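**Student:** Whatever this is, show me its structure:
(2 chains)
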2 protein chains.
Amino acid sequence: MNLVLIGYGGVGKAFIKLLIDKHEKLKSEGLDIKVRGILNSKGGVVSSNSLDLREVINVGLLENHKDWRTGINYRDILMKEKCDLMVELTQTNKETGEPGLTHIKYALENNINVVTGNKGPILVDYEGLKRISEEKGVSLGVGCTTGGALPSLNCGLLDLAGANINKVEGILNGTSNFILEEMESGLSFKEALDKAQILGIAEKDPTLDIEGYDTAIKMMILSKVVLKKNIDINEIKIKGITAVSKEDILKAKNEGKRYKLLGKIECTGNETSMEVSPILIEKENMLFNINGKNKGVKYYTDTLGEITVIGGASGTVNAAASILRDIINIHNGYKF
Amino acid sequence: MNLVLIGYGGVGKAFIKLLIDKHEKLKSEGLDIKVRGILNSKGGVVSSNSLDLREVINVGLLENHKDWRTGINYRDILMKEKCDLMVELTQTNKETGEPGLTHIKYALENNINVVTGNKGPILVDYEGLKRISEEKGVSLGVGCTTGGALPSLNCGLLDLAGANINKVEGILNGTSNFILEEMESGLSFKEALDKAQILGIAEKDPTLDIEGYDTAIKMMILSKVVLKKNIDINEIKIKGITAVSKEDILKAKNEGKRYKLLGKIECTGNETSMEVSPILIEKENMLFNINGKNKGVKYYTDTLGEITVIGGASGTVNAAASILRDIINIHNGYKF
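**Tutor:** Sure, this is the predicted structure:
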């Protein structure tokens, strides 16, 4: 399989390292991945055979590679190097989807499979991209965009094939998990947030995480990919964890319960509605124990019962592994 | 897709009903299943177009169908009706695998995909069958054989593609779950077992369930399919729930813990070992809340973290839905 990687940030680097570590095993299983090119926004390195990935990692910055060139057109590389699959990991722009959207569209239109961890293009035009991929008979793997290593989309697509999904609940925001847990241990919201920021768990501007938008965005992607339903962000009731007081949390703890920031999609007939809010969860609920960096999704179905999938620690290695998972499933014939 | 069903017991009937219910939806998604034949051990009904499934269900016993014939050779039907996929649901024989083993082998050898819920052939010769399916480029879907609706094998194969699995823990026996829960509520083992038998949860001879053999068998299949490792039943340390006293259980309850019958596979280097025993589980463990008819499997991996999948209520409808799941994934191109 000839592969081109566009976007060489944290996940991109972890992905190249993973390909080195897994190369022998994958090859023994019939998947010989040849990386023909790695591009970033300024240029890249290309090989008409296969890049020496150890060398790429060893030089650190891509710009330090002996074969570094600027002004490379990704279109030429995809076509000239007979690329079978493009991995798109450029920076996310949730408003325009660019530059990922253009990259992905071009690849699919030219019969090249795509695997991406970039939420932007999926939010902006998953439907359009999916249509192209179906017309061209190639795959668009987006498993990494919702929960990373947690197989939230895989579960909805593959593990629930044939079942109607009536409801989905997702705990998908690690920062909120962390802050709520710290508040259970007695910290105030401010103290918990400070701690999360010091530990690098929360961002400098934590609004997206603590106000529920990150969860909403992940659930919107899940809805697009698994349920084939577009939900407008303006139609989602979104309440973040700032709506819960320390008193609420300690009272819940005394009752053996726990608050979690929950994204919920309900499907009734043709109607699909979504809500994000901190919800009191009983200890018998499968979602009760999702803590730390773990995430979880619970699907309610007509014929397969309730299926919950939990886990998938966060991190660049785990995200990279979820990119590789999509690649292997595409190699094994699955049409995403 | 032309399909032949061999074996028409509880799951077989539920499968035919499911095909009726889901027919329009599947067709709209590009999967038009035509059932060309349904056979049981005495004979069957066959159509060179597609059987009227409502009529099949309405007559009750297959023998009452107007086109019922005895002495049908399944080989002739598979070949004459240009069968794309055989569903094998004959009675399980864990010693010989027959008659399923012969049925499945014949279908695979003749380039026909197979989906089965029959543990016998998988226990006796999964490796041999898999080899034939790979040679012939067809699929052998066995998702139903380990936990039914719970996507335990799917998760290991598809959701963990590319990861090394270091350990697997499974709670896969509903009867043991039920008895342990009832004992937590104060019943003695004998009372809990009686209740399970009255409710039809436990069989008349409950040995396989309560002595851990059922769990061992399911974990053996998981090991064969997901880990590609055969573990001999004589090399498995097996202890059933009869090893736990009511006192143990109540003491655990007081400490906020709980006993569960756990199957555990550990993989270190090339060594794979398995154990089945009642284990004390802390309430922070994802497996703590698996109760009632639910089941769960937890995978420990190198690059995707710990992934736990829980759910999949038992019953013929759920088992049938897991057969359909494999069929849809095969239709979508996945090579099991």
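**Student:** Kindly give the local confidence score, pLDDT, for the closest residue to residue A:336 other than its chain neighbours.
**Tutor:** Using Cβ to Cβ, 6 or more residues apart in numbering or on different chains and skipping the chain neighbours, the partner closest in space to residue A:336 is residue A:139 (4.2 Å). C-beta coordinates here come from the backbone N, C-alpha and C atoms, glycine included. Looking at residue A:139, its pLDDT is 97.
**Student:** Residue A:139: what's it in contact with?
**Tutor:** A:113-115, A:133, A:326, A:330, A:334-336 (Cβ atoms under 8 Å, 6 or more residues apart in numbering or on different chains).
**Student:** Save the residues you listed as CSV, and put in pLDDT too.
**Tutor:** Shown next, in CSV, are those (pLDDT from 0 to 100):
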residue, pLDDT
A:113, 98
A:114, 98
A:115, 98
A:133, 97
A:326, 97
A:330, 96
A:334, 91
A:335, 90
A:336, 92
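**Student:** Helices - which of these land there?
**Tutor:** Using DSSP state H, the subset of the contacts of residue A:139 located in helices is A:133, A:326, A:330.
**Student:** Which of these sits closest to chain B?
**Tutor:** residue A:326 (8.3 Å; Cβ to the nearest Cβ).
**Student:** sorry, back to before: can you redo the ones in helices among the contacts of residue A:139 as TSV with neighbour count?
**Tutor:** TSV is the format used below for the ones in helices among the contacts of residue A:139 (neighbours: other Cβ atoms under 10 Å in any protein chain shown):
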residue	neighbour count
A:133	24
A:326	28
A:330	25
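**Student:** of these, closest to residue B:129?
**Tutor:** residue A:330 (25.0 Å; Cβ to Cβ).
**Student:** which ones are touching the closest one?
**Tutor:** Applying Cβ under 8 Å, 6+ apart, we find residue A:330 in contact with A:85, A:113, A:115, A:139, A:141, A:336.
**Student:** neighbour-wise, which of these leads?
**Tutor:** Neighbour counts for the contacts of residue A:330, by other Cβ atoms under 10 Å in any protein chain shown, peak at residue A:115, which reaches 28 neighbours.
**Student:** where exactly do the strands run in the stretch 151-300 of chain A?
**Tutor:** A:165-171, A:237-238, A:258-268, A:271-281, A:295-301 (DSSP state E, counting those that start in this stretch).
**Student:** and stretch A:88-98, how far from the chain's centre?
**Tutor:** Centroid separation between stretch A:88-98 and its chain, computed with Cα atoms, centre = their mean, to the nearest Å, is 13 Å.
**Student:** actually stretch A:2-15, sorry about that
**Tutor:** 15 Å.
**Student:** in the stretch 201-336 of chain A, which ranges drop under the pLDDT threshold?
**Tutor:** Scanning the stretch 201-336 of chain A for pLDDT under 70 picks out no residues.
**Student:** For it, which residues are neighbours of chain B?
**Tutor:** Within the stretch 201-336 of chain A, the positions near chain B by Cβ under 8 Å from any Cβ of the partner chain are A:283-286, A:288-289, A:291, A:294, A:303-313, A:317-318, A:320-322, A:324-325, A:327-329, A:332-335.
**Student:** Check the stretch 1-150 of chain A too.
**Tutor:** So the stretch 1-150 of chain A meets chain B at A:18, A:22, A:25-26, A:149-150 (Cβ under 8 Å from any Cβ).
**Student:** Mind checking which of these are in helices?
**Tutor:** A:18, A:22, A:25-26.
**Student:** what sits against the residue lying closest to residue A:259 once chain neighbours are set aside?
**Tutor:** Of all residues not flanking residue A:259 in the chain, residue A:278 sits nearest, at 4.8 Å (Cβ to Cβ, 6+ apart). Contact analysis of residue A:278 by Cβ under 8 Å, 6+ apart lists A:176, A:180, A:239-241, A:243-244, A:259-262.
**Student:** swap the cut-off to 7 Å and go again
**Tutor:** Residues near residue A:278 by Cβ atoms under 7 Å, 6 or more residues apart in numbering or on different chains: A:239, A:241, A:243-244, A:259-261.
**Student:** mind listing the helices for chain A?
**Tutor:** With DSSP H, the ranges of helices along chain A come out as A:10-28, A:53-58, A:74-80, A:100-109, A:119-136, A:152-154, A:174-184, A:189-198, A:207-210, A:213-222, A:246-254, A:316-331.
**Student:** Give me the buried positions along the fourth one.
**Tutor:** In this case it means helix A:100-109. Using 16 or more other Cβ atoms under 10 Å in any protein chain shown as the test for burial, helix A:100-109 gives A:100-101, A:103-108.
**Student:** That helix vs helix A:119-136, what angle?
**Tutor:** For helix A:100-109 against helix A:119-136, the angle by axes from the mean of the first three to the mean of the last three Cα atoms, to 10 degrees is 20 degrees.
**Student:** quick one: which of the contacts of residue A:278 is nearest residue B:56?
**Tutor:** After measuring those against residue B:56 - Cβ to Cβ - the closest member comes out as residue A:260, at 46.5 Å.
**Student:** Can you name the residues that contact that closest one?
**Tutor:** By Cβ under 7 Å, 6+ apart, the residues touching residue A:260 are A:171, A:180, A:278-279, A:281, A:287, A:290.
**Student:** next one: residue A:329
**Tutor:** With contacts defined as Cβ under 7 Å, 6+ apart, residue A:329 is in contact with B:158, B:161.
**Student:** Once you drop chain neighbours, what's closest to residue A:70?
**Tutor:** The shortest distance from residue A:70 to any non-neighbouring residue, by Cβ to Cβ, 6+ apart, is to residue A:43 (3.8 Å).
**Student:** Give me the neighbour count for that neighbour.
**Tutor:** Neighbour tally, residue A:43, other Cβ under 10 Å: 15.
**Student:** Quickly list the domain ranges of chain A.
**Tutor:** Segmentation of chain A into domains, based on automatic domain parsing, reads A:2-149+A:316-331, A:153-311.
**Student:** Please state the offset of the first one from the chain centre?
**Tutor:** Spelled out, that is domain A:2-149+A:316-331. In terms of Cα atoms, centre = their mean, the centre of domain A:2-149+A:316-331 is set 14 Å apart from its chain centre.
**Student:** Selecting buried members of the residues of the stretch 201-336 of chain A next to chain B in PyMOL, what would you type?
**Tutor:** Buried members of those can be picked out in PyMOL with the line below, counting by 16+ other Cβ under 10 Å:
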select buried, chain A and resi 285+286+288+289+291+294+303+304+305+306+307+308+309+310+311+312+313+317+318+320+321+322+324+325+327+328+329+332+333+334+335
